[in-house]
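**Q** Let me see the structure of the following:
(chains A, B and C)
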Amino acid sequence: MPELPEAETIVRGLRPLIVGRRITRAEVLRPDVLREGVRSFAPRVRNRTILAVERRAKNVLILLDGSRRIAVNLGMTGRLLPFPAPPRGARRPGHPAVRFRFSDGGVLVFDDTRRFGTVECLGDTEWTVREARFGPEPLGDGWTARALHVALSGSRSPVRSWLLDQRRVAGVGNIYAAEALFLAGIHPQRPASSLTKTEATALHGAVRSVLSDAIDEGGTTIRDYRNAIGGEGGYASLLWVYGRDGEPCRRCGTAVERIVFANRSAFFCPRCQPAAR
DNA sequence: AGTGTATCCTGCAGGC
DNA sequence: TGCCTGCAGGATACAC
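**A** Sure thing, here's the model as predicted:
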């Protein structure tokens, strides 16, 4: 599913295609993706003009006039597909959940096979409350190596779990956590508080470079992820460890391992990322 | 403050 | 071919 780079890629692709358009109606085909009733949601987006498209953490925000925004969490398999879609051959929605119709005849479809994603329309106050639950943006100026080290030192949680906790840092998911920990040479089960200042600094740099490189590549497509025009991301071929269990480490040749904790697979090179130090 | 487990849901790959 | 199991970029709630 989409992590920060995928959400960012979608936002950038969507922005020129939908800003300025007016939503004439929302058709909710799968009410369970809403976090509110259809009777509450549909009228709040009707006849609203799209002013901007932004991202916060892994969420796509469609800002509307009238001090409200549509917040889309893409979950594992969510997509936002505008139609008419430019390229022929681009995927047509297979599991449309919400369809926004524009006054010019265009359509934006939230498509989500597994329906772990969510769509909501939030006012300013609701959004402020929601937004406060997210930690800092890892690519923002406020997220420093020093601040990361201090934050890590207060938690005995495994560092991979720490990175996945959106309240601590917003937007890192399982792929980029694995990649950043590899680049920093840190075993995913190391307690957060055990990281030295040097390691925290390395992790800080690794998270940032992995995320920004992935944005440059348009995200990582393993299976389901598609950008706003149906295309795949190019970062999958650059992965060091994610999904490569049993294959040789691209740095040292040792077999990449897969372990499961906190109900998620973790991939690492046992030689490049020793368990203890 | 942690972990482990379960839940939401669909599809696909691999083993037999 | 079919059936079964396990697995998947996320997030949350629960008991311990």
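**Q** quick one: contacts for the residue in the stretch 151-277 of chain A positioned nearest to DNA strand C?
**A** Nearest residue of the stretch 151-277 of chain A to DNA strand C: A:Gly173, at 2.2 Å (Cβ to the nearest atom of the strand). Where C-beta positions appear, they are placed from N, C-alpha and C, glycine not excepted. Contacts for A:Gly173 (Cβ atoms under 8 Å, 6 or more residues apart in numbering) come out as A:Met1, A:Pro2, A:Glu3, A:Leu4, A:Lys58, A:Leu164.
**Q** now do 6 Å
**A** A:Glu3 (Cβ atoms under 6 Å, 6 or more residues apart in numbering).
**Q** So it versus A:Cys249, what's the distance?
**A** According to Cβ to Cβ, to the nearest Å, A:Gly173 stands 22 Å off from A:Cys249.
**Q** Going by residue numbers, what spans are helices in the stretch 51-200 of chain A?
**A** Ranges of helices in the stretch 51-200 of chain A, per DSSP state H, counting those that start in this stretch, are A:124-131, A:145-153, A:159-164, A:174-184, A:197-216.
**Q** tell me the most buried of those?
**A** helix A:174-184 (a mean of 25; mean count of other Cβ atoms under 10 Å).
**Q** same for that one, what does it pack against?
**A** For helix A:174-184, the elements it packs on are helix A:159-164, helix A:197-216, judged by 3 or more Cβ pairs under 6 Å, 6 or more residues apart in numbering; DSSP states H and E.
**Q** go again using 10 Å as the cut-off
**A** In terms of contacts (3 or more Cβ pairs under 10 Å, 6 or more residues apart in numbering; DSSP states H and E), helix A:174-184 is packed against helix A:4-18, helix A:159-164, helix A:197-216, strand A:264-268.
**Q** That one and DNA strand B, any residue contact?
**A** No: contact of helix A:174-184 with DNA strand B (Cβ under 7 Å from any atom of the strand) is absent, the minimum separation being 13.2 Å.
**Q** how many degrees apart are that helix and helix A:197-216 in direction?
**A** Angle of helix A:174-184 versus helix A:197-216, following axes from the mean of the first three to the mean of the last three Cα atoms, to 10 degrees, is 130 degrees.
**Q** Pull the CA coordinates from helix A:174-184 and hand them back as CSV.
**A** Only the C-alpha atoms of helix A:174-184 are listed here, as CSV (Å, rounded to 0.1, in the frame of the first residue of the first chain):
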residue,chain,number,x,y,z
ASN,A,174,6.8,-1.2,6.1
ILE,A,175,8.7,-1.0,2.8
TYR,A,176,10.6,2.2,3.6
ALA,A,177,11.2,1.3,7.2
ALA,A,178,12.9,-1.9,6.0
GLU,A,179,15.0,0.1,3.5
ALA,A,180,16.0,2.9,5.8
LEU,A,181,17.0,0.4,8.5
PHE,A,182,19.1,-1.5,6.0
LEU,A,183,20.9,1.7,4.8
ALA,A,184,21.5,2.7,8.4
